[in-house]
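# with the input below, show me the fold.
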Amino acid sequence: RNPFRLIVRHPQPGFDLLMSVPPPFQSNAKSKKVERGGIAIRRGQVGSIDVYALRRDGFNESIELKVEGFPESFRVPPVTMAAGVTQIAIPFMPGINDPAWGGRVRVSGVSMIAGNEVLRQAESVAVNWTVNDYDKERVFSRVGDSLSVGSVEEKSPLVIEYSEDVILETALGGKIDLPVKLSPNAEIKDKVTIKVIDFPGMGKKPPQVQIDKGKVEATLPISFLNNKDGNQFKPGTHRFRIEASTKLGYRRDLDASNRAEEDKKKAIAHADAARKAIDPAKKARDDASNFLKQTRAGNHENAEKKAVMVAEADAKLKEAEVNFKKAEEFFKKAEAEKKQAENRAKQAAERSKPKDLLFTSYTMPISVKIAEIPLRIKNIEIPAQFPKSGKTEISVSIERLYGFAEAVELQLKFADGVNGLAAQSVTITKDKNTAKVAIDVKPDAPSGAVEFEAIAKLKFNGIDLQSSTAGEIKVEDSTATTQNPAPVP
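Reported below is the predicted structural model:
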């Protein structure tokens, strides 16, 4: 028998965090291969860390994520996991001119539980090694408290330039024109397709635009229409990214090839200098040898003095021979180093030869704030008192936003069950921003403060939208008026 264990306890809302590297791209959706992934990106390329929240016992609050370990030059925007969300990516990007780097990165999350701030450290999860078929081979994994992240010296072959610090704004039914500029570090061989990805509520046909070969700038229009393509946009602040894909003449590790070529030039110059140093050393040796011969053959009255001169000439010859030998060895070493540098440069040039490659680049997350409607009720002027058995007007002014210039229908709605109050809808025409709404107060209207909603209805680019703003009127107490009649003049 296999026993089960049942635990009965009071709910304890809370959360734990896991983090991992993004799964490697799988071109075959039916593949059973599980690859050991890693994070090593080029300079100017966007990488990400996947973070998962394990929410317990109804915990549904937002979680503010913090990252530690990246160099200060890396761009790492603040990330908050919204209420109810269980997975999000933390993006990061090294600068295009940053040096290579490698290190350990930690992630933590802060949230409120029962009025107290709670900190949780994320555990890293990773596959120990690649498994070709998970049906035939067991997948082993491990946990830790950090992830290894690295950036290499090679520049990203294609970078999308955009300032993610700017928060875009529009409304449902509106449109934004997103300027896009490419910074290629490789030859672009085809049109570049630019499109929106990871936008919450976007349907099956994300907006896209193509940049012709030879050009690097374009405008990407994004319309927030919920009446087409299965879109389900919602008001609020959202994040999305821009993707650029094209065929490149990719030169693998071009920087290494350029460095190898520079090293080769230095080695050639070094070898030439070493070769040129041999001739003076050889001449000095030959001159010392001839001087020794002349000294030995010379006639000197003092044999002791001649012996001293021969010894000195012999010492100079030996020194010249040592220097000549050193020059020869130095030249041989320089020649060997030159050949090695030439081979390295040749191999690096071979590796960096242009090869056609389909490459995809991404931006850092871009934020957009979507309003419920393209206007706001700017002000509602309400009289201090509304007498019973009469009509009183209130004045409503609006502020048009995001290019909206159409008519607006304005309605006042009182709570269900409130009798004796009625207001007819009015229309604010295209060229107006204010309207007066008459409220008919009948004898059976309740006295005192009465709440209402000012509802604005409009059509924006073919989309029906509405929004409401709360207000309050005060109805006179007819009983108090009867008990305290005004004095007769």
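# find the nearest non-adjacent residue to R400, please.
Distances taken as C-beta to C-beta, 6 or more residues apart in numbering place L375 nearest to R400, at 5.1 Å, with adjacent residues excluded. Bear in mind the C-beta positions are built from the backbone N, C-alpha and C, glycine included.
# just to check, that neighbour is in contact with L458?
Yes - when contacts are counted by C-beta atoms under 8 Å, L375 is listed as touching L458 (7.3 Å).
# need the overlap of contacts for these two.
Common neighbours of L375 and L458, counting by C-beta atoms under 8 Å, 6 or more residues apart in numbering, are 404, 408.
# how far does stretch 317-336 sit from the chain's center?
The chain centroid and the centroid of stretch 317-336 are separated by 58 Å under C-alpha atoms, centre = their mean, to the nearest Å.
# same deal with stretch 51-68?
Offset of stretch 51-68 from its chain centre (C-alpha atoms, centre = their mean): 20 Å.
# show the average pLDDT along it.
What stretch 51-68 shows for mean pLDDT is 95.
# mind listing what's buried along it?
The neighbour-count check on stretch 51-68 (16 or more other C-beta atoms under 10 Å) flags 51-53, 55, 59, 63, 65, 67 as buried.
# secondary structure and distance to I268 added to those, as a markdown table?
A markdown table is the format used below for these (DSSP: H, G, I helix; E, B strand; the rest coil; distance: C-beta to C-beta, whole Å):
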| residue | secondary structure | distance to I268 |
| --- | --- | --- |
| V51 | strand | 52 |
| Y52 | strand | 55 |
| A53 | strand | 59 |
| R55 | strand | 65 |
| F59 | coil | 67 |
| I63 | strand | 59 |
| L65 | strand | 53 |
| V67 | strand | 47 |
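# nearest to F140, of the residues you listed?
Within those, the smallest distance to F140 is 19.6 Å, found for Y52 (C-beta to C-beta).
# dig out what the closest one forms beta bridges with.
In this entry, Y52 is beta-bridged to L18, Q87, by DSSP bridges.
# give the contact list for the residue nearest to R400.
If a contact means C-beta under 8 Å, 6+ apart, then L375 has 398-401, 404, 408, 456, 458 as its contacts.
# how about a cut-off of 6 Å?
398, 400-401, 404 (C-beta atoms under 6 Å, 6 or more residues apart in numbering).
# quick one: strands adjacent to the helix or strand harbouring L248?
For L248, the enclosing helix or strand under DSSP states H and E is strand 236-250. Strand 236-250 has its sheet partners listed here by DSSP bridges as strand 187-188 (antiparallel), strand 192-197 (antiparallel), strand 355-362 (antiparallel), strand 366-371 (antiparallel).
# nearest to H238, of those strands?
Checking those against H238 by C-beta to C-beta gives strand 366-371 as the closest, at 5.7 Å.
# please point out which parts of the closest one sit buried.
Applying 16+ other C-beta under 10 Å to strand 366-371 flags 366, 368, 370-371 as buried.
# what do you get for stretch 460-467?
Within stretch 460-467, the residues that count as buried by 16+ other C-beta under 10 Å are 460-461, 463, 465, 467.
# okay if I get those residues as a markdown table plus distance to K32, secondary structure and pLDDT?
Below are these laid out as a markdown table (distance: C-beta to C-beta, whole Å; DSSP: H, G, I helix; E, B strand; the rest coil; pLDDT from 0 to 100):
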| residue | distance to K32 | secondary structure | pLDDT |
| --- | --- | --- | --- |
| F460 | 49 | strand | 93 |
| N461 | 47 | coil | 91 |
| I463 | 45 | strand | 90 |
| L465 | 48 | strand | 93 |
| S467 | 51 | strand | 90 |
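# in the chain, which helix is the longest?
Determined from DSSP state H, the single longest helix within the chain is helix 303-351.
# pLDDT on that helix, on average?
For helix 303-351, mean pLDDT rounds to 90.
# show me what that helix is packed up against.
helix 254-297 (3 or more C-beta pairs under 6 Å, 6 or more residues apart in numbering; DSSP states H and E).
# geometric centre of the chain: which residue is closest?
Using C-alpha atoms, centre = their mean, the residue of the chain that lies closest to the mean C-alpha position is M364, 2.1 Å off.
# just checking, it touches P91?
Yes - using C-beta atoms under 6 Å, M364 makes contact with P91 at a distance of 5.2 Å.
# name the residues contacting each of the two.
Residues touching both M364 and P91 (C-beta under 6 Å, 6+ apart): V46.
# number of residues surrounding the closest residue to T295 other than its chain neighbours?
In this structure, T295 finds its nearest non-sequential neighbour in A313, 4.5 Å apart by C-beta to C-beta, 6+ apart. Look at A313: counted by other C-beta atoms under 10 Å, it has 19 neighbours.
# and what of K442?
Neighbours around K442, by other C-beta under 10 Å: 12.
# mind checking pLDDT for it?
At K442, the model reports a pLDDT of 91.
# ok, it - contacts?
By C-beta under 6 Å, 6+ apart, the residues touching K442 are G420.
# the same query, at a cut-off of 8 Å, please.
K442 is in contact with 388-389, 419-422, counting by C-beta under 8 Å, 6+ apart.
# then L158?
182-186, 188, 192, 244, 246, 248, 359, 361.
# for E472, see how far away the residue of the chain positioned farthest from its centre is.
Distance from the centre of the chain peaks at E301, with 93.7 Å (C-alpha atoms, centre = their mean). Distance, E301 to E472, using C-beta to C-beta, to the nearest Å: 135 Å.
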